[in-house]
Every structure is written in structure tokens, then in C-alpha cells.
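Enquirer: below are the sequence and a predicted model for it; my questions follow.
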Amino acid sequence: MDLQAIVDDIVRELEPRLGEGKVADYIPELARIDPKQFGIAITTVEGQTYKAGDAETSFSIQSISKVFMLTLALGKAGEGVWNRVGREPSGSAFNSIVQLEHEHGIPRNPFINAGAIVVADMVLAGHAPREAIGEYLRFMRYVADDETLSIDEKVAQSEQKTGYRNFALANFMRGFGNLHHPVEHVLGVYFHQCALALSCVQLSHAGLYLAHRGTNPLTGFSVVSPKRARRINALMMMCGHYDGSGDFAFHVGLPGKSGVGGGILAVAPGKASIAVWSPGLNKVGNSALGSVALEMLATKTGWSVFGT
Ligand code: GLU
């Protein structure tokens, strides 16, 4: 299979559609991004990277960070994570508060905002916020095998100033006793994890452990056990695209996690880690062209986990 020809074709086919969707504007720093960009990178478990379009341009990974923070929290708290956050799809928007009251402050899953805020609280345990952010950044540099990764402080500050809904979610959960640290500390960690800037190439490297039984084949670094990698992939499949998760499984058929910066990380278990990026979002807050590109890729490669 000629993966370079496939990514080149996808970029060519999407060229006339550049700019589709709506850039996230509730975070002022993200509203300034030029929507007419698209990048794709595939890194295979054999260690080859294929890229096309704006694959080397950094973007804000936003909610894709939730996958990596969950990995860290599972390392710290093990199965205890699941006492404080569920594993069911929410069927609700990424920043929804409606289920939280019925479910006594236990978020449906770690990939909606409420769940990710609880996960950030777990990573914060035993640390000052600055140390927890440092631990996350070191972890990201380790999994991506790239010391140049950095957090875009402007994006973090921008969200800190305007993240009213996240403050509401966090205060609500603190009221239920499901946050153990001050809200400002937990959200400081959360906003910084979201503000990590990565290119598609870097993101495809960072996600490779999920495609290769928990170990990065490029470096040999063991990140999680095969069982844990499988389970994280299952959560990505069921919950990785908010209330668009069913649609993503239907069209693409791969575990994936989106972010409002327009990135999507997708995992083809045993085959490759794939990153796409295009800033315009569809109605449920997932990259419009990124979703289309992954559907094209799944069709061209036959990589769906549901069969070729
Ligand atoms: N930082 C964003 C927020 O909390 C992340 C949302 C997303 O990427 O879906 O609103």
C-alpha cells in the first residue's frame, strides 16, 4: 500500500474545500487561526512517517490532551480512576453540565470536559500545579520523543480568562466532593494541558504507543501495558468525539480523539497512529475536514477496526 500516495491524494481532494467549518471562537486565541489549513501525518508501527499538507504546522491540541492525561492518571491511580469518572458515552456536548447533577458529580467519561477536569485533579495529587504541568510536558516529550514540545502560554491564558463553563463544571464537581484541589489549581493544569502545541507529525509520534500494544516502536519506550492501551482505545472509540462519537465510528471506524483546535488523533491498532488537523469545526465541535479526511483514509486503507 502506497501511504504517501494516499495522503497526497487526500490533500489534493480536500484542497477545494479548505476553510469549511467554523473555527472555535469561544477561546479568543483560537479564533485568530487561519481556517484554510489542512495537514495529515501517518506514522506506522514499522516507524515510517508519511505526511502531506500543513503536517509540520503546530496547532493547539486542546481535548486530544485528555487521552494523554488519562494515561498519566491511570499510571498514578490505576483502576481507582473509575471510582470518580465513568466509561460511558455521554451523548452530550463536550462542555455539558446537564448529566452531572443526576449522576452526583461523577462525569460520564474522561473525554468530556467534566471528566477531563477530574482526571487533571488526579494528576495534580501530591503536586503544585506547576509541577503537574511539568510532569505532563515531560511525559509528552517522552511519548513523542521530542524535546522541543512546548505549551502555548497565550492560549492557556486566553482560556483561563474566558473558561466560564469550565469553572462552572469544576465548582459543581467540587460541591459534590469529586475535586480534591482548589478549582483554580485544577483548571490551571487543565488549560495548560489543552494549550500544548503539536504538529500532525509530532502528534502521530505521540500516539504511536496506542497503536502498538502500549510501546512506542520508534524508541522502544514502554508507556502502558497492552491491556491498558486496548482500553484507552476503546474509550476513544466510544467517547472520543462527544455527541459525534457514533457518527465517527460509523464513518471512520477507528478509535479517535478530537480537539477544538481542529486536530484529531486516530489509532489503527497494530498498524499506525494518524493525526489530521484543519481548524474549521463541524456542528458538534470536531474538525470538519479532519473527519472527512479520516473517512477517506479508512476507505482507502481498509483500516477500520470493524473490518475492511
Ligand atoms: N480547552 C477546551 C475547553 O475546555 C477543550 C475542548 C475541546 O477541545 O473539545 O473548552
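Expert: That came through fine. Numbering: from 1, shown residues only.
Enquirer: who touches the longest helix along the chain?
Expert: For the chain, the helix with the greatest residue count under DSSP state H is helix 129-144. Residues outside helix 129-144 that contact it (CB atoms under 8 Å, 6 or more residues apart in numbering): 65, 68-69, 71-72, 120, 123-124, 127, 147, 149-151, 185, 188-189, 192-193, 196, 198, 202-203, 205-206, 208-209, 216, 221, 223. Heads up, the C-betas are built off the backbone N, CA and C, glycines and all.
Enquirer: pLDDT on it, on average?
Expert: Averaging pLDDT along helix 129-144 yields 98.
Enquirer: is any part of the helix or strand that it is followed by close to the ligand?
Expert: Per DSSP states H and E, the first helix or strand lying C-terminal to helix 129-144 is strand 150-151. No: Strand 150-151 stays clear of the ligand (CB under 6 Å from any ligand atom), getting no nearer than 12.5 Å.
Enquirer: now for residue 206: which residues touch it?
Expert: By CB under 8 Å, 6+ apart, residue 206 lies in contact with 68, 140, 143-144, 198, 265, 273.
Enquirer: what's the farthest-apart pair in those residues?
Expert: For the contacts of residue 206, the farthest-apart pair by CB to CB is 140 and 273; their separation is 14.1 Å.
Enquirer: next one: stretch 39-57 to chain centre, how far?
Expert: 17 Å (CA atoms, centre = their mean, to the nearest Å).
Enquirer: do a quick rundown of the strands in this structure.
Expert: Along the chain, counting by DSSP state E, strands occupy 39-44, 49-53, 59-60, 150-151, 196-198, 256-258, 263-268, 272-277.
Enquirer: can you redo the ones you listed as TSV with mean pLDDT?
Expert: Shown next, in TSV, are these (pLDDT from 0 to 100):
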stretch	mean pLDDT
strand 39-44	98
strand 49-53	98
strand 59-60	98
strand 150-151	98
strand 196-198	98
strand 256-258	98
strand 263-268	98
strand 272-277	98
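Enquirer: next, format those strands as JSON lines and append mean neighbour count.
Expert: Formatted as JSON lines, those follow (neighbours: other CB atoms under 10 Å):
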{"stretch": "strand 39-44", "mean neighbour count": "26"}
{"stretch": "strand 49-53", "mean neighbour count": "22"}
{"stretch": "strand 59-60", "mean neighbour count": "30"}
{"stretch": "strand 150-151", "mean neighbour count": "17"}
{"stretch": "strand 196-198", "mean neighbour count": "24"}
{"stretch": "strand 256-258", "mean neighbour count": "30"}
{"stretch": "strand 263-268", "mean neighbour count": "28"}
{"stretch": "strand 272-277", "mean neighbour count": "30"}
